[in-house]
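S.K.: Next come a sequence and a model predicted from it.
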Amino acid sequence: MKAYVFPGQGAQYPGMGKDLYDKYPAARDMFKRADDILGFGITDIMFSGTEEELRQTKVTQPAVFLYSAILASLAITDKRPDMVAGHSLGEFSALVVNKTLLFEEGLILVSKRAVAMQKACEENPSAMAAVIGADDDLVEEICSEINEIVIPANYNSPGQIVISGTLKGIDMAMERLKARGIKRIIKLPVGGAFHSPLMEPARKELDTAISSTTFRKPFCPVYQNATARASDDPELIKQNLLAQLTSPVLWTQSVINMIRDGARSFTEAGPGSVLQGLIRKINSDVSVGSIPV
């Protein structure tokens, strides 16, 4: 069985999508529609903007979504995936590809999500840090001991977990992890504590937008971040998509469950190849690849 997976924020790079725009009329049409829907020239920023411009959450999220959705739409005209999953933001791309959402609906929700998250970051200064080489149990234990908001936010692969929380909470967790022998802990260049309770204001804002959007029965299941389980029920997909903002991304668990349910090949649809590397670390026996442009 074939799975398509979609990356999230952090996979972006200047110039991404220009090759698709130059080569495919359908891609040009989708870029133009995106500019019209968003009300600003995201195409120009993606093609000609600086890394700093592209790193703004309100730009990054629609840009990564747009690239992923276009790339996948060009690739699956004949062969549909048997299952899909997306890492954080990538879940929206997955829901467009399996026809739960229309392209325009997905882009509007992503834009609203990005603005809401940016606002939440500005209201609550916070941070994230990648912890390399620690058991999940150790990270969970240390986070639970700290009298600050700090939680495991991304279970990316065995030995790679991201923590999210207040500035003080992250610093305290980093100190305690180092004291327990963990040497590689890297603060991430992100705007705030994604996938933590500090995103509650953004969750409330997005709730209104998701509630008013029609979610359709998909042609294949999506394995969602909040539960790591397959779903094809539109109402359940809505609930899990909303929960994702304040809940950990269960990526390791999702990939394990997809393989358990029959996935033998994983195709990453989007900029970069981060998910391919994570999947190899989770299970080296499955086939992983990307979509040729």
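M.R.: Everything's here; your move. Numbering: from 1, shown residues only.
S.K.: dump the residue contacts of residue 158.
M.R.: In this structure, residue 158 makes contact with 252, 281, 282, judged by CB atoms under 8 Å, 6 or more residues apart in numbering. Using the backbone N, CA and C atoms, a C-beta is placed for each residue, glycine as well.
S.K.: could you pull out the helices for the stretch 101-250 of the chain?
M.R.: 103-123, 136-145, 167-179, 200-211, 234-243 (DSSP state H, counting those that start in this stretch).
S.K.: Among these, show me which one is buried the most.
M.R.: Burial of the helices of the stretch 101-250 of the chain is given as mean neighbour count (mean count of other CB atoms under 10 Å); helix 103-123 ranks first at a mean of 20.
S.K.: Would you mind confirming that residue 139 makes contact with residue 163?
M.R.: Yes. Residue 139 is within contact range of residue 163, at 6.5 Å (criterion: CB atoms under 8 Å).
S.K.: tell me, what's touching these two both at once?
M.R.: The contact sets of residue 139 and residue 163 overlap at 131, 152 (CB under 8 Å, 6+ apart).
S.K.: From the centroid of the protein, which residue is nearest?
M.R.: residue 88 (2.4 Å; CA atoms, centre = their mean).
S.K.: distance of it from residue 248?
M.R.: According to CB to CB, to the nearest Å, residue 88 and residue 248 sit 10 Å apart.
S.K.: what residues do those two have in common as contacts?
M.R.: If you check residue 88 and residue 248 against CB under 8 Å, 6+ apart, the residues they both contact are 154, 195, 225.
S.K.: Looking at those, state which has the most neighbours.
M.R.: Neighbour tally across the shared contacts of residue 88 and residue 248 (other CB atoms under 10 Å): the maximum, 29 neighbours, falls on residue 225.
S.K.: Next up, identify which helix or strand residue 253 is on.
M.R.: Using DSSP states H and E, the element containing residue 253 is helix 251-260.
S.K.: Convert that helix to PDB, retaining C-alpha atoms only.
M.R.: Output of helix 251-260 as PDB, limited to C-alpha atoms (Å, rounded to 0.1, in the frame of the first residue of the first chain):
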ATOM      1  CA  TRP A 251       4.500  11.400  14.100                       C
ATOM      2  CA  THR A 252       6.500   8.300  15.200                       C
ATOM      3  CA  GLN A 253       3.300   6.600  16.400                       C
ATOM      4  CA  SER A 254       1.500   7.600  13.100                       C
ATOM      5  CA  VAL A 255       4.100   6.100  10.900                       C
ATOM      6  CA  ILE A 256       4.200   2.900  13.000                       C
ATOM      7  CA  ASN A 257       0.400   2.600  12.700                       C
ATOM      8  CA  MET A 258       0.500   3.200   8.900                       C
ATOM      9  CA  ILE A 259       3.000   0.400   8.500                       C
ATOM     10  CA  ARG A 260       1.000  -1.800  10.800                       C
END
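S.K.: Going by contacts, tell me the helices and strands next to that helix.
M.R.: With contacts defined as 3 or more CB pairs under 8 Å, 6 or more residues apart in numbering; DSSP states H and E, the packing partners of helix 251-260 are strand 83-86, strand 150-157, strand 222-223, helix 274-282.
S.K.: so of the ones you listed, which one's packed in deepest?
M.R.: Burial of these is given as mean neighbour count (mean count of other CB under 10 Å); strand 83-86 ranks first at a mean of 28.
S.K.: Can you name the secondary structure element that comes next after that strand?
M.R.: Per DSSP H and E, the first helix or strand lying C-terminal to strand 83-86 is helix 90-97.
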